[in-house]
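> Pasting the sequence and the predicted coordinates here, then a few questions.
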2 protein chains.
Amino acid sequence: MSSPSEEPAWRQRAVERSIKAAKVRAEQRVQRFLDAAQVIIDEKGTTDFTVQEVVDRSRQSLRSFYLHFDGKHELLLALFEDALNRTADQIRAAASGQKEPLDRLRVAVQLLFELCRPDPDARRPLFTDFAPQLLVSHPTEVKVAHTPVLAVFTELLADAEEASLLSPEVKPRRTAALIMQTVMFNAQSSGSPDDETANPLTADEIWDFCANGITNH
Amino acid sequence: MSSPSEEPAWRQRAVERSIKAAKVRAEQRVQRFLDAAQVIIDEKGTTDFTVQEVVDRSRQSLRSFYLHFDGKHELLLALFEDALNRTADQIRAAASGQKEPLDRLRVAVQLLFELCRPDPDARRPLFTDFAPQLLVSHPTEVKVAHTPVLAVFTELLADAEEASLLSPEVKPRRTAALIMQTVMFNAQSSGSPDDETANPLTADEIWDFCANGITNH
DNA sequence: CAAAATTGAGAACCCCATTTCCGCTCTACC
DNA sequence: GGTAGAGCGGAAATGGGGTTCTCAATTTTG
């Protein structure tokens, strides 16, 4: 009786109009939570905040928080997705500065590497803290969040393939995922650039590794 | 007066004898905790156990647990180290079955990949759960725990280098770390083999990636 | 304006790691 | 052989944090 297929269009529209206001309000509240969380993260340089802090900062209530989010993890995922979207844009922009497909790819790899590297000064614990944390608790959602960055690399690889710059067995889509994860994870466990330990992996090294492999041919 | 330099050797020995028994007892208790934890992990196929469970299983007490371990993380690290030691041995053994240096390396890469891949059937959540979890909380210790596996790959790469099979710019030690992490991390986020999703990365693919890179040369 | 839905403020609940308290037992040392 | 002390089991207590619940105030809707 109330199946969508039997709902007259006019009713749909009426309901929607009625709901729109509420929807806007809800979105505003959600945004306030997100903004508050982002501010806290920027301040503390870590994702070790409590839900209570976010609630206080956004001048709302716990009740409201759990009304809009399924839990803390959804908040984290939302922030993570935002960050990855921005990152994807940033990488795309940087890559577009190069003419040659392989140069574009190189720039993309090196930038992603620098962005994911843990740097105590730069305030971006999204990758160094969120990623591993969420990867444990919600691997599927994390993969989805990676999509925009993955898309950039897929494009870049497709371009390179079209220019016959890649080995014939390289499949752009699959290799894009391979490269992205290789770069991101290796960046995270390479000490920060100013670390004195023996392992400050460089962006060049990782690019050489991805591009040329290790064999002597 | 009680400085070590003034302690006569006979006293040192006497004390040591006296302490040895206690030490053995302590080691046995520690081992019972470790065994209990391992059993629970094997049963549940996850590392989501509580300290209380381990205590009950080992028929000891919470008090005793915190007397022997600084906290849950030490227990996890201990298990993780054990697992990585066994893994290193296993890889070394498998690799030794091959004659050619590059074949040994390939076998090592492929085996490590399979071992780190999340397989619901195989009971080894050490890599899929521990690693990310500990990497967040105790990155330094995790790196130390990786040492034995890293050593295997360093040897294999050194062999290959000696046989002039590697590109000249490849540094065995650094590249070993690069390969190990690339393999481990990519394995963890590649769906299990029987997964229907589009991304069941294969051991061959990751080997090709590491060995040959992506460029067309 | 009245009914209904949304919020706020805060207490309450739960899970779990970690600590603490109280006896008991076994070891070490005289 | 006996006694002080360390080691230990059992269980209650503490504490941090996420999540839920209660109730009254407020806003939105009709």
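Looks like it arrived, so ask away.
> per the record, what domains does chain A have?
According to automatic domain parsing, chain A comprises the domains A:1-69, A:72-217.
> after the helix or strand hosting residue A:43, next one along is what?
Under the criterion of DSSP states H and E, residue A:43 resides in helix A:9-44. Note on helix A:9-44: by DSSP H and E, the next helix or strand toward the C-terminus is helix A:51-57.
> Residues contacting that next one, please?
A:33, A:36, A:37, A:39, A:40, A:61, A:62, A:64, A:65, A:72, A:75 (Cβ atoms under 8 Å, 6 or more residues apart in numbering or on different chains). In short, each C-beta sits where N, CA and C put it, glycine included.
> How about it, which residues are buried there?
A:51, A:54, A:55, A:57 (16 or more other Cβ atoms under 10 Å in any protein chain shown).
> So which of those residues reach DNA strand D?
With Cβ under 7 Å from any atom of the strand as the criterion, the buried residues of helix A:51-57 include residue A:51 near DNA strand D.
> would you turn the buried residues of helix A:51-57 into JSON lines with distance to residue B:9 and pLDDT?
Output for the buried residues of helix A:51-57, formatted as JSON lines (distance: Cβ to Cβ, whole Å; pLDDT from 0 to 100):
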{"residue": "A:51", "distance to residue B:9": "60", "pLDDT": "97"}
{"residue": "A:54", "distance to residue B:9": "62", "pLDDT": "97"}
{"residue": "A:55", "distance to residue B:9": "65", "pLDDT": "97"}
{"residue": "A:57", "distance to residue B:9": "64", "pLDDT": "96"}
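> quick check, nearest of the buried residues of helix A:51-57 to residue A:27?
residue A:54 (16.8 Å; Cβ to Cβ).
> What's the first helix or strand after the helix or strand of chain A with the lowest mean pLDDT?
Every helix and strand of chain A was ranked by mean pLDDT, DSSP states H and E. The lowest is helix A:125, at a mean of 65. Going down the chain from helix A:125, the next helix or strand is helix A:131-137, by DSSP H and E.
> where among the domains of chain A is the average confidence lowest?
Note on these: domain A:1-69 shows the lowest mean pLDDT, a mean of 87.
> Could you report the separation of the spatially most central residue of chain A from residue B:62?
A centroid search over chain A (Cα atoms, centre = their mean) returns residue A:84, at 2.3 Å, as the residue closest to the centre. With the distance defined as Cβ to Cβ, to the nearest Å, residue A:84 ends up 42 Å from residue B:62.
> Residue A:193 - how many residues pack around it?
Neighbourhood size, residue A:193 [other Cβ atoms under 10 Å in any protein chain shown]: 14.
> Check for me that it belongs to a strand.
No - under DSSP: H, G, I helix; E, B strand; the rest coil, residue A:193 falls outside any strand and is assigned coil.
> I figured it hits residue A:118, correct?
No - counting by Cβ atoms under 8 Å, residue A:193 sits too far from residue A:118 to count as a contact (9.7 Å).
> Give me every residue in chain A lying close to DNA strand C.
Going by Cβ under 7 Å from any atom of the strand, the residues of chain A near DNA strand C are A:22, A:25, A:26, A:29, A:59, A:60, A:61, A:62, A:63, A:64, A:67.
> Filter those down to the buried ones.
Buried among those by 16+ other Cβ under 10 Å: A:29, A:60, A:64.
> just these now: which is nearest residue A:88?
Nearest to residue A:88 among these, with distances taken as Cβ to Cβ, is residue A:29, at 26.8 Å.
> picking up where we left off before, and the buried residues of helix A:51-57, which is closest to DNA strand D?
residue A:51 (4.2 Å; Cβ to the nearest atom of the strand).
> I'd like the distance from the closest one to residue B:57, if you could.
Relative to residue B:57, and taking Cβ to Cβ, residue A:51 is found at 33 Å.
> Got the phi and psi for residue A:215?
Note on residue A:215: its backbone torsions stand at phi -80, psi 160 [degrees, to the nearest 10].
> For it, which non-adjacent residue is closest in space?
residue B:211 (5.1 Å; Cβ to Cβ, 6 or more residues apart in numbering or on different chains).
> what about the one you found, which helix or strand?
Secondary structure (DSSP H and E) places residue B:211 in helix B:203-212.
> Stretch A:36-49 close to chain B?
No - contact between stretch A:36-49 and chain B is absent, the nearest approach being 9.9 Å (criterion: Cβ under 8 Å from any Cβ of the partner chain).
> Let me have the buried ones among the residues of chain A next to DNA strand C in JSON lines, extended by distance to residue B:156.
Below are those laid out as JSON lines (distance: Cβ to Cβ, whole Å):
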{"residue": "A:29", "distance to residue B:156": "56"}
{"residue": "A:60", "distance to residue B:156": "56"}
{"residue": "A:64", "distance to residue B:156": "57"}
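> rewinding a little: near DNA strand D at all, the helix holding residue A:43?
Yes - using Cβ under 7 Å from any atom of the strand, we find that helix A:9-44 touches DNA strand D at A:18, A:21, A:22, A:25.
> Could I get those in TSV, plus columns for distance to residue A:102?
Below are those laid out as TSV (distance: Cβ to Cβ, whole Å):
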residue	distance to residue A:102
A:18	55
A:21	52
A:22	51
A:25	49
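> which one of the residues you listed is nearest DNA strand D?
residue A:21 (3.8 Å).
> Ramachandran angles for the residue in chain A positioned nearest to chain B?
Distances between chain A and chain B by Cβ to the nearest Cβ are smallest at residue A:213, namely 3.2 Å. Residue A:213 adopts backbone torsions of phi 60, psi -160, taken as degrees, to the nearest 10.
> Could you double-check that it lies in contact with residue B:209?
Yes - using Cβ under 8 Å, residue A:213 is in contact with residue B:209, at 7.2 Å.
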